[in-house]
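Peer 1: give me a 3D structure for the following:
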Amino acid sequence: MANGETKSKTAKEILLGAAQVIRERGHVKGHFKGPDGFCAVGALRQADGYYDSYVGYSEAMTEARECIESLIGDKLIEWNDQEERTAAEVIDALERAAASCT
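Peer 2: As a prediction, the model looks like this:
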């Protein structure tokens with residue numbers, strides 16, 4: 001890439017990146033980002049490079065979200081915020097979704 005262009009990430013890269021964000025920074029519920037980490041959606045946004053912008057998502061981010069929602073059978077934000085949901089479960093789902101995402 002020339003002149004400062006960046007290569008777009010794939011859905012798989014975003015899902016794996018989100019898993020790493022939660023692994024390194026922690027997991028929260030009820031909001032995208034907090035002092036103790038990120039929720040699953042916030043981690044996807046962070047991995048995609050859109051965290052500080054509420055002006056939409058990349059196409060790959062949309063695909064990543066569709067992959068994980070298909071795997072978990074629920075809306076990601078609702079699934080993440082369930083009381084019993086753990087960081088380990090979120091990381092596992094993100095990684096499994098990445099493995100199944102084309």
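
Peer 1: how about residue 9: what's its closest non-neighbour residue?
Peer 2: Once flanking residues are discounted, residue 9 sits nearest to residue 60: 5.6 Å by CB to CB, 6 or more residues apart in numbering. C-betas here are computed from N, CA, C, even on glycine.

Peer 1: around that neighbour, count how many other residues there are.
Peer 2: Residue 60 sits with 19 neighbouring residues when counted by other CB atoms under 10 Å.

Peer 1: one more: residue 36?
Peer 2: Residue 36: 10 surrounding residues under other CB under 10 Å.

Peer 1: what about it, distance to residue 87?
Peer 2: Using CB to CB, to the nearest Å, we find residue 36 at a distance of 10 Å from residue 87.

Peer 1: give the residues shared as contacts by these two.
Peer 2: Residues touching both residue 36 and residue 87 (CB atoms under 8 Å, 6 or more residues apart in numbering): 26-27.
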